[in-house]
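> the amino acid sequence is not available; the structure is as follows:
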């Protein structure tokens, strides 16, 4: 028995090895490199100067500009997440339960934002949202507007919600599909109204899906770069856009690394706080 | 007055008609089972009573109250599902208490009912477990407690024992029946297992293809089936086709391809009309000697089942009949044999 178990363990290790190596080589090593870089001294003529320092972090955490930038980045990531959730939940629910013969087509529709490249998609939004874009032209017919939908957080958030919606819909849909429809029926026969069924049965049981959706969308939105760049046209700054500016524009690798890591740690902190606060209700479902 | 009346109930799903013109009256405190093969419309009928399906036409009344278009949460019923449908994120107590919460029953009354129902299903010691930590039989009892605690007017059970192993299933039959009698609740029980419906029910409704074929006591259904389908579905039966020859003193002689079979008849049969004689395997006897009106045959196979021996006998025209007799084997495969039919233990079907 023990031998057989050891053998299976060994085999699992062997099969996992290529993936493990890939992760080590292309994720862990570069990440460590960034950590080391963030403690380097700044140099004007090379990527970094000899010696180590905390200066990069004191600059990030001591400058109100960067703190406000960090707060805004996290706030708009949170806003994107909330909007995604509100929009995704009914869709996920319908998709999970529909018996329509167009189900496959509906799935494809959900995934459609991911079918085009991010740059093309952004230009699409520019056509729609710019000051004399299609949306404002239509609003003008109704005597409204024009509204400023681009070059600000509104446009960026719209585009982020659009592209990250599938990451919210799919996990929620999965957990709805795992719920036996008879649970709803049982609740109804016990006197629960539709609202009570939702609140007491469906919502708690979709929590695992909501959790993964929320984490995915939040992390992706906080680290989005191309969308804020293209739809913000320099008017919207987020931590990722500033980091790239530092790295490529100012060539301040150590400072850029420190800024990037500050964002990573903040996101990690928020995500784990969220995960811990929902873990109790999760454990009951495990 | 009947507790439940189903009047001309029809339910169609698109082009498929699942239930056709079902009429049924269930008396107060009665245990009625809906029996039939899968797809016969028994579950659909139950779901219409529960309010989980909207009938295409017809009426459902609880007492004299028309509930046909009432949503399930306003019907005050208790329902137990085949897979129990316990809420996985709630403990046993929370599951059982759910109905009381929904109906706004709190305080001392809720406490009294919880204690009594948990004791009734013998689950008090497991109340803080989650459903996945319970065995099938325990989950089943939680489901029963959850349905009964709201003191419903009607208890609906949809194949509640189908997921249990054979031994437990037998135990639960008696448990459910005695619980039902103690509470005195009118019960509608859906099953495809004839032994289950036989042992538990006051009356059985046998359904095929959306229609009711027979409503009657377990004895009626077994000894006096209304149709060939019922005769075939309930227990084993030999169906012997033939033509009525004549009738003397209530005994009808039927000409078959393998000889004349005599049968006691409760009604008049016109001579020459086609008829099917139903004989249960355990009422047939085998003899090596001669016997008046016996049918000659040959033993083709035999299976020793312990308490009984199961014979297959080929009659004169190779019609196979099944015969069950008690005790040790006395006949061997290949033996020429006479089959004795007791006219009092046969039943004629049109």
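Thanks, I have the structure now. Note that the structure is predicted; figures quoted are calculated from it, not measured. Numbering: from 1, shown residues only, chains lettered A, B, ... in the order given.
> going forward, measure contacts and count neighbours with C-alpha atoms only.
OK.
> check the average confidence over whatever helix or strand residue B:18 lives in, would you?
Take DSSP states H and E as the rule and residue B:18 turns out to sit in strand B:16-26. For strand B:16-26, mean pLDDT rounds to 93.
> and it, which residues are buried?
For strand B:16-26, burial by neighbour count (16 or more other CA atoms under 10 Å in any protein chain shown) applies to B:18-24, B:26.
> with stretch A:192-200 instead?
A:192-193, A:196-197, A:200.
> can you pull out the helices in chain A?
A:2-23, A:29-37, A:55-62, A:64-97, A:103-111, A:118-129, A:134-141, A:153-177, A:181-189, A:194-197, A:203-222, A:226-232, A:239-244, A:253-283 (DSSP state H).
> of these, which is nearest residue A:43?
For the helices of chain A, proximity to residue A:43 was assessed by CA to CA; helix A:253-283 is nearest, at 9.0 Å.
> run through the strands of the stretch 251-350 of chain B in chain order.
B:251-256, B:259-264, B:274-279, B:285-287, B:295-304, B:308-315, B:320-326, B:336-340, B:346-349 (DSSP state E, counting those that start in this stretch).
> would you reformat these as TSV and include distance to chain A and mean pLDDT?
Putting those into TSV (distance: least, CA to the nearest CA, whole Å; pLDDT from 0 to 100) gives the following:
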stretch	distance to chain A	mean pLDDT
strand B:251-256	51	88
strand B:259-264	49	87
strand B:274-279	41	91
strand B:285-287	49	87
strand B:295-304	41	89
strand B:308-315	42	90
strand B:320-326	42	89
strand B:336-340	52	89
strand B:346-349	41	89
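> which stretch among these comes nearest residue A:62?
Nearest to residue A:62, of all the strands of the stretch 251-350 of chain B, is strand B:295-304, at 91.0 Å by CA to CA.
> quick check: mean pLDDT of the longest strand seen in chain A?
Ordering each strand of chain A by length in residues (DSSP state E) puts strand A:49-52 first. For strand A:49-52, mean pLDDT rounds to 88.
> please name every helix or strand in contact with it.
With contacts taken as 3 or more CA pairs under 8 Å, 6 or more residues apart in numbering or on different chains; DSSP states H and E, strand A:49-52 sits against strand A:40-41.
> buried ones in the helix or strand containing residue B:230, by neighbour count?
Residue B:230 is part of helix B:228-233, with elements assigned from DSSP H and E. Buried residues in helix B:228-233, defined by neighbour count with 16+ other CA under 10 Å: B:228, B:230-231, B:233.
> ok, of those residues, which one's closest to chain A?
Using CA to the nearest CA, residue B:233 is the member of the buried residues of helix B:228-233 that lies nearest chain A, at 29.0 Å.
> do you know how far that closest one is from residue B:301?
23 Å (CA to CA, to the nearest Å).
> could you do residue B:124 as well?
52 Å.
> cool, residue B:180 as well?
43 Å.
> tell me if I'm right that residue A:275 and residue A:211 touch.
Yes. Judged on CA atoms under 8 Å, residue A:275 makes contact with residue A:211 at a distance of 7.4 Å.
> tell me which of those two has more neighbours.
Per other CA atoms under 10 Å in any protein chain shown, whichever of residue A:275 and residue A:211 has more neighbours is residue A:211, with 19 against 16.
> pLDDT score for that one?
pLDDT at residue A:211 comes out at 92.
> one step back: if we check chain A, which of the buried residues of helix B:228-233 are in contact?
Counting by CA under 8 Å from any CA of the partner chain, nothing from these sits close to chain A.
> kindly reformat these as CSV containing pLDDT and distance to residue B:73.
Below are these laid out as CSV (pLDDT from 0 to 100; distance: CA to CA, whole Å):
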residue, pLDDT, distance to residue B:73
B:228, 91, 40
B:230, 92, 35
B:231, 91, 39
B:233, 90, 35
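> about what we covered before: partners of the longest strand of chain A in the sheet?
Partner strands and pairing direction for strand A:49-52 (DSSP bridges) are strand A:40-41 (antiparallel).
> closest one of the buried residues of helix B:228-233 to residue A:68?
Among the buried residues of helix B:228-233, and counting by CA to CA, the member closest to residue A:68 is residue B:233, at 77.4 Å.
> how close does the closest one sit to residue B:202?
Relative to residue B:202, and taking CA to CA, residue B:233 is found at 19 Å.
> ok, residue B:23 next?
17 Å.
> burial count for residue A:101?
Around residue A:101 there are 8 residues (other CA under 10 Å).
> ah, wrong one, I meant residue A:8
Residue A:8, neighbours per other CA under 10 Å, totals 12.
> can you check residue A:73 too?
By other CA under 10 Å, neighbour count at residue A:73 equals 21.
> ok, and the closest non-adjacent residue to it?
Of all residues not flanking residue A:73 in the chain, residue A:238 sits nearest, at 5.4 Å (CA to CA, 6 or more residues apart in numbering or on different chains).
> circling back: got the angle between the very next helix or strand once past the helix holding residue B:230 and strand B:274-279?
Using DSSP H and E, the helix or strand that follows helix B:228-233 in sequence is strand B:238-248. Inter-element angle recorded for strand B:238-248 and strand B:274-279: 110 degrees (by axes from the mean of the first three to the mean of the last three CA atoms, to 10 degrees).
> now strand B:238-248, how far from the centre of its chain.
28 Å (CA atoms, centre = their mean, to the nearest Å).
> list the strands paired with it, with their directions.
Checking strand B:238-248 against DSSP bridges gives partners strand B:251-256 (antiparallel), strand B:274-279 (antiparallel).
> give me the contacts around the last one.
Under the criterion CA atoms under 8 Å, 6 or more residues apart in numbering or on different chains, residues B:231, B:237-244, B:254, B:263, B:341, B:345-350 lie in contact with strand B:274-279.
> one more: stretch B:67-79?
A:186, A:188-193, B:49-52, B:54-55, B:59-61, B:146-148, B:150-158.
> what residues of that stretch count as buried?
Those would be B:67-68, B:71-79, for stretch B:67-79 by 16+ other CA under 10 Å.
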